[in-house]
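> model this:
(one chain, ligands or ions: 2)
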Amino acid sequence: MTRSGFVALAGRPNAGKSTLVNQIVGGKVAIVSDKPQTTRREIRGVATGDDWQLVLVDLPGVQRPRDPLTERMQRQVERTLADADAALFVLNGEQQIGAGDRFIAEALKSSAVPTVTVLNKVDQLDRDRTVRALAAAAELGVEGELFPISAKSGAGVGPVVEQLVTMLPEGPFMYPPDERSDQSLELRLAELVREQVLLRTREELPHAVEVEIDEIEEREDGLLVVRARVWAETESQKGILVGAGGRMVKAIGTAARREIEALLDRRVHLDLHVRVRRGWRRDEALLDRLGIE
Ligand SMILES: Nc1nc2c(ncn2[C@@H]2O[C@H](COP(=O)(O)OP(=O)(O)OP(=O)(O)O)[C@@H](O)[C@H]2O)c(=O)[nH]1
Ligand SMILES: [Mg+2]
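Ligands and ions are numbered 1, 2, ... in the order given. Got it, this is the predicted structure:
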């Protein structure tokens, strides 16, 4: 008899949801950055044990929608929560509990989804602050267990997985046991490029950039050639992304290529083109094509 099911991750932007998915899955399936709203599409990370399979649904951080991009992100969260077998509510231990956490807590309480709450980033807290933050988390009144964890180091994550497994319905595995993610190769590569953009930009720019893979070509000599477009919204953003003498786009490309080579364990040539597309975040057709539903 096996157990398997979907666990939706809910939490404010930057709480560490994607870091936690990567930690549980044991590989990088979702990109991570210190910028809020790093995750734009639902990503499934799959963790499989002897007789269980957790399909972790990493979601964009819950926030107030500002434009069609963020509206789509928010709707995605609501849909996924409604369909999940369990929810994993991630709180950012480095921050006070705020309106965003209370909003998610209320949504979880009014849904019938059984929930596990984790207080993340306790590696940054001393004992006293951890105790106080756990008390504040308990006051949110979400039913179910509460665990202090560090998604980054993995401390405390084992018991969370054990608890989630007990909440899964009986049923067959939905993914092959060695599969860790449901994303296409194109999407994974595009995300690895975007991650390097996020690491190197600030303020509005991280939110204004999207990456699209144009072509993946297998060369006979074993080289994999990847061509990607980096979308910006304005000429001045493009200028920053290209950088003086092309230095910025080169740095992004070199770092992303290394990540891609590590992922695929082969030699890669990565070709990046920075392009301007005004208002892409409001362009419903482009959002469709980019798979942001
Ligand atoms: N110190 C510490 N930092 C962490 C931990 N977990 C995540 N972080 C950091 O917190 C930041 C946000 O992590 P993400 O995993 O991208 O957060 P997220 O909740 O997926 O964010 P969105 O996709 O924007 O909603 C990154 O800089 C992570 O390195 C942790 O346990 N300890
Ligand atoms: Mg994320």
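> all contacts plus neighbour counts: C-alpha atoms, from now on.
Will do.
> kindly provide the distance from the closest residue to ligand 2 within the stretch 151-293 of the chain to residue 110.
The minimum distance from the stretch 151-293 of the chain to ligand 2, using CA to the ion, falls at residue 195 (10.9 Å). Look at residue 195 and residue 110: by CA to CA, to the nearest Å, they are 35 Å apart.
> residue 53 pairs with what?
Residues in a beta bridge with residue 53, per DSSP bridges, are residue 4, residue 48.
> what about it, how many neighbours?
Residues lying near residue 53 (other CA atoms under 10 Å) number 24.
> in the stretch 151-293 of the chain, which spans are helices?
Counting by DSSP state H, counting those that start in this stretch, the stretch 151-293 of the chain has helices at residues 157-166, 185-200, 205-208, 235-242, 247-264, 284-289.
> out of these, deepest packed?
helix 185-200 (a mean of 21; mean count of other CA atoms under 10 Å).
> show me the contacts for residue 229.
The neighbours of residue 229, taking CA atoms under 8 Å, 6 or more residues apart in numbering as the test, are 211-214, 272-275.
> all strands of the stretch 1-150 of the chain, in order?
Ranges of strands within the stretch 1-150 of the chain are 3-11, 43-48, 52-58, 86-92, 115-120, 146-148, based on DSSP state E, counting those that start in this stretch.
> how about the ones you listed, which one is nearest ligand 1?
Smallest distance to ligand 1 across the strands of the stretch 1-150 of the chain (CA to the nearest ligand atom): 5.3 Å, for strand 115-120.
> near ligand 1, anything from that closest one?
Yes - using CA under 6 Å from any ligand atom, strand 115-120 comes into contact with ligand 1 via residue 120.
> that strand vs strand 86-92, what angle?
If you take axes from the mean of the first three to the mean of the last three CA atoms, to 10 degrees, strand 115-120 sits at 20 degrees to strand 86-92.
> other SSEs contacting strand 115-120?
On a contact count with 3 or more CA pairs under 8 Å, 6 or more residues apart in numbering; DSSP states H and E, strand 115-120 meets strand 86-92, helix 127-138, strand 146-148, helix 157-166.
> hang on, the earlier thing: could I get the helices of the stretch 151-293 of the chain in CSV, plus columns for mean pLDDT?
Listed next are the helices of the stretch 151-293 of the chain as CSV, based on pLDDT from 0 to 100:
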stretch, mean pLDDT
helix 157-166, 98
helix 185-200, 96
helix 205-208, 93
helix 235-242, 97
helix 247-264, 97
helix 284-289, 87
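> just send those helices back as JSON lines, with distance to residue 95 too.
Output for the helices of the stretch 151-293 of the chain, formatted as JSON lines (distance: least, CA to CA, whole Å):
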{"stretch": "helix 157-166", "distance to residue 95": "20"}
{"stretch": "helix 185-200", "distance to residue 95": "21"}
{"stretch": "helix 205-208", "distance to residue 95": "22"}
{"stretch": "helix 235-242", "distance to residue 95": "30"}
{"stretch": "helix 247-264", "distance to residue 95": "30"}
{"stretch": "helix 284-289", "distance to residue 95": "32"}
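> which helix or strand in this structure has the lowest average pLDDT?
Least confident element among the helices and strands of the chain, by mean pLDDT, DSSP states H and E: helix 68-83 (a mean of 83).
> now do that one: which elements does it pack against?
Counting by 3+ CA pairs under 8 Å, 6+ apart, helix 68-83 packs on strand 3-11.
> stretch 50-64 vs ligand 2: in contact?
No - on the criterion CA under 5 Å from the ion, stretch 50-64 is out of touch with ligand 2, staying 5.8 Å away.
> list the buried ones in that stretch?
Buried positions in stretch 50-64, judged by neighbour count with 16 or more other CA atoms under 10 Å: 52-63.
> list the contacts of the closest residue to residue 13 other than its chain neighbours.
Among residues not flanking residue 13 along the chain, residue 61 sits closest, at 3.9 Å (CA to CA, 6 or more residues apart in numbering). Going by CA under 8 Å, 6+ apart, residue 61 touches 10-15, 36-37, 39.
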